[in-house]
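Chemist: no sequence on this one, just coordinates:
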């Protein structure tokens with residue numbers, strides 16, 4: 001959950017506020033321009049994607065001296081070769097104005113840019129520069145930097161230490177650290193290696209609002225907020241149900257450092273989702289097995305913890321994805337757990353799978369949640 005003050009939280013819950021997007025523009029670690037207004041903003045948090053934060057935004061810039069800011073060379077500001085936007089949601093309500101840091105994004109593409117030209121004494125001047133930007137969070141830089149040669153962890157004591165080493169990013173420890181079970185060569189994809197490392201401590205790697213790399217739990221945590229239709233924050237809840245993605249049995253397969261096979265299994269033994277009946281016969285849900293592997297898991301106890309944690313995650317109605325519409329709230333992130341209260345007062349514990357934010361002034365945001 002992104003940080004907002006207590007006063008801003010009250011305003012977000014009560015409504016009656018305005019908001020707009022701005023960004024600080026940086027290149028090579030140095031801030032070049034501050035508080036640039038953003039237009040046509042589309043920002044998405046998606047926990048199902050390797051790169052969680054993506055988006056688009058438009059910058060309209062008028063220079064006091066009629067100078068164009070369109071990039072022409074690789075080292076120019078706004079070029080997709082190192083330009084970063086630190087994006088803020090600015091909330092305004094009465095005397096309150098709060099600048100909520102939303103995230104740090106790389107400019108990965110400038111699909112359209114143009115100057116509105118005017119002429120003065122035979123010279124062409126820019127009356128305004130318009131740049132449409134495609135944005136991705138810093139995990140994009142990790143994904144685009146594969147390993148040159150096969151390599152392996154240099155130490156096995158700390159997942160976070162290894163994440164910092166292979167990504168080059170500053171680390172914020174979101175969940176407890178843990179050891180790496182086995183030193184094995186990484187695959188070519190550096191981001192995939194980071195994801196496998198985070199799995200060892202039951203986490204998912206993601207970029208925090210301040211641009212540091214962290215890991216959040218794959219499990220349901222304590223709710224960070226309550227959203228209710230009665231107080232107006234929750235506008236609508238869609239409904240649906242599917243068997244896809246729901247399992248009652250998890251099997252892990254790998255090998256130890258001495259190349260001995262490691263096999264661990266966990267299954268649901270009671271209730272309507274049980275894998276088998278007590279007499280060994282077929283249950284109503286039948287046996288639904290998902291297979292896991294992670295070559296960094298090096299011993300049986302680690303594998304057994306792995307399958308038990310995964311079983312808790314998959315042996316529930318995770319496939320019940322509810323589309324919801326709610327009032328705008330920049331503090332919420334994909335992966336956050338909240339309590340939903342519908343118009344009948346029925347409560348449900350849910351986790352955000354994705355959240356979509358729209359252009360400045362939009363009073364709502366759309367999201368997809370799964371039940372806990």
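Modeler: Thanks, I have the structure now. Since the structure is predicted, the reported quantities are computational estimates derived from the model, not experimental observations.

Chemist: which stretch of helix or strand covers residue 106?
Modeler: strand 96-120 (DSSP states H and E).

Chemist: and that strand, which strands flank it?
Modeler: Note on strand 96-120: by DSSP bridges, its sheet partners are strand 83-93 (antiparallel), strand 123-137 (antiparallel).

Chemist: ranking the ones you listed by burial, who's on top?
Modeler: Between those, strand 83-93 has the highest mean count of neighbours, a mean of 21, where neighbours are mean count of other Cβ atoms under 10 Å. In short, each C-beta sits where N, CA and C put it, glycine included.

Chemist: Give me the contact list for that one.
Modeler: 4, 8, 11-12, 16-27, 31, 38, 43, 57, 71, 77, 97-107, 133, 135, 211, 330 (Cβ atoms under 8 Å, 6 or more residues apart in numbering).

Chemist: same thing but at 7 Å, please
Modeler: By Cβ atoms under 7 Å, 6 or more residues apart in numbering, the surrounding residues in contact with strand 83-93 are 8, 11, 16-27, 77, 97-107, 135, 330.

Chemist: Let me see the mean pLDDT of it.
Modeler: Taken as a whole, strand 83-93 has an average pLDDT of 96.

Chemist: Now do the SS call for residue 270.
Modeler: Secondary structure state of residue 270, per DSSP: H, G, I helix; E, B strand; the rest coil, is coil.

Chemist: quick one, helices of this protein?
Modeler: In the chain, the helices defined using DSSP state H lie at 6-14, 139-143, 159-167, 190-199, 300-314.

Chemist: Please convert those helices to CSV, extending it with mean pLDDT and mean neighbour count.
Modeler: CSV is the format used below for those (pLDDT from 0 to 100; neighbours: other Cβ atoms under 10 Å):
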stretch, mean pLDDT, mean neighbour count
helix 6-14, 91, 15
helix 139-143, 97, 21
helix 159-167, 97, 20
helix 190-199, 94, 21
helix 300-314, 86, 18
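
Chemist: mind putting these in TSV, distance to residue 177 included?
Modeler: As requested, the helices of the chain are exported to TSV (distance: least, Cβ to Cβ, whole Å):
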stretch	distance to residue 177
helix 6-14	30
helix 139-143	19
helix 159-167	5
helix 190-199	11
helix 300-314	14
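
Chemist: where does the protein have low pLDDT?
Modeler: 64-66, 117-127, 241, 317-320, 359-361, 372 (pLDDT under 70).

Chemist: care to break it down by domain?
Modeler: With automatic domain parsing as the criterion, the domains of the chain are listed as 6-136, 143-217, 225-241+319-371, 249-314.

Chemist: Tell me which residues touch residue 187, please.
Modeler: residue 193.

Chemist: That one and residue 292: what is the separation?
Modeler: 16 Å (Cβ to Cβ, to the nearest Å).

Chemist: before we move on, the earlier item: between the helices of the chain, which one is nearest to residue 48?
Modeler: Of all the helices of the chain, helix 190-199 sits nearest to residue 48, with 12.3 Å by Cβ to Cβ.

Chemist: For the closest one, what is the distance to the chain centroid?
Modeler: Here helix 190-199 is found 15 Å from its chain centre; the criterion is Cα atoms, centre = their mean, to the nearest Å.

Chemist: cool, stretch 214-227 as well?
Modeler: On Cα atoms, centre = their mean, the centre of stretch 214-227 falls 12 Å from that of its chain.

Chemist: Please identify the buried residues of that stretch?
Modeler: Neighbour-count burial for stretch 214-227 flags 214-218, 220, 223, 225, 227 (criterion: 16 or more other Cβ atoms under 10 Å).

Chemist: Reformat these as a markdown table; add distance to residue 164.
Modeler: Formatted as a markdown table, these follow (distance: Cβ to Cβ, whole Å):
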| residue | distance to residue 164 |
| --- | --- |
| 214 | 11 |
| 215 | 12 |
| 216 | 17 |
| 217 | 19 |
| 218 | 20 |
| 220 | 27 |
| 223 | 30 |
| 225 | 30 |
| 227 | 35 |
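
Chemist: Farthest-apart pair in those, please.
Modeler: 215 and 227 (25.0 Å).

Chemist: Kindly present the strands paired with strand 96-120 as CSV, with separate columns for distance to residue 325.
Modeler: Output for the strands paired with strand 96-120, formatted as CSV (distance: least, Cβ to Cβ, whole Å):
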stretch, distance to residue 325
strand 83-93, 18
strand 123-137, 24
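
Chemist: now the strand holding residue 106 against helix 6-14, angle please.
Modeler: 80 degrees (axes from the mean of the first three to the mean of the last three Cα atoms, to 10 degrees).

Chemist: Report the buried residues of strand 96-120.
Modeler: Applying 16+ other Cβ under 10 Å to strand 96-120 flags 98, 100-108, 110, 113, 115 as buried.

Chemist: repeat for stretch 342-356
Modeler: Buried, per 16+ other Cβ under 10 Å, within stretch 342-356: 342, 350-355.

Chemist: now, which of those residues lie within strands?
Modeler: Using DSSP state E, the subset of the buried residues of stretch 342-356 located in strands is 350-355.

Chemist: ok, so of those residues, who is nearest residue 159?
Modeler: residue 351 (22.1 Å).
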